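Q: Just a sequence and a predicted model for now, questions to come.
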Amino acid sequence: MKFSALRFSFIILIMCIFSLSAKAQWKLDVESGAAWNGYNDVRVPNDATLFSLTDNNRNKAVPFFRTELLYTFNRRHTIRALYAPFQINSVGTFAREVNFNEISFEPGTLYHGTYVFNSYRLTYRYDFLTTGRFHWGLGLTGKIRDAKIEVIGDNQLDRVNVQEIIIRRIQSRSPD
């Protein structure tokens, strides 16, 4: 049996969790299900063509999940982290000419649409009163939304993929 760095990290994490104070409490909540794109009318920019990512396309139900981690310490302080990624891809054919993000698509063009709405939250809460079934607290939450709507026609696939690779390389560099 090989002893990998991942297994070693997992063992260290478990040891740290169990060595915490007895007054600390962890809670992990994971939700999952299926999502359908019932309607999604888009227009980018505001003066472009309004069209539907759901009409005349072949999208299917997609799985989703969200996870929440809570850490309560000294019975009154709670830190909460939420991670909720969400993405739906659709494929369809434009019935009319569409102008999206300064690119024109002719009628009959096969398109690939991507709708992304990721959510990240970090919360701190202080509980002033906790008696039996009644809890009263006050906190502060920071939220980051990562949202994107992208439509690519078959004739734009190569050009856009090259741009995405360049952007990812630029973003992945860290200043020294």
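A: Received, thanks.

Q: In contact with Asp127, which residues are there?
A: Applying Cβ atoms under 8 Å, 6 or more residues apart in numbering to Asp127 gives the contacts 75-78, 135-137. C-betas here are computed from N, CA, C, even on glycine.

Q: Pull the distance from the top strand by length along the chain to the chain's centre.
A: Using DSSP state E to assign secondary structure, the strand with the most residues in the chain is strand 110-131. Computed by Cα atoms, centre = their mean, to the nearest Å, the chain-centroid distance of strand 110-131 equals 8 Å.

Q: now do stretch 60-70
A: Its chain's C-alpha centre and that of stretch 60-70 lie 9 Å apart, by Cα atoms, centre = their mean.

Q: ok, residues contacting that stretch?
A: The contact list for stretch 60-70 (Cβ under 8 Å, 6+ apart) reads 26-36, 78-89, 119.

Q: quick revisit: now, the contacts of Asp127 that are in helices?
A: Within the contacts of Asp127, no residue falls in helices by DSSP state H.

Q: okay if I get those as TSV plus neighbour count and distance to Ala61?
A: Shown next, in TSV, are those (neighbours: other Cβ atoms under 10 Å; distance: Cβ to Cβ, whole Å):
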residue	neighbour count	distance to Ala61
Arg75	11	42
Arg76	14	42
His77	15	40
Thr78	19	34
His135	11	37
Trp136	9	40
Gly137	13	37
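
Q: Thanks a lot, catch you later.
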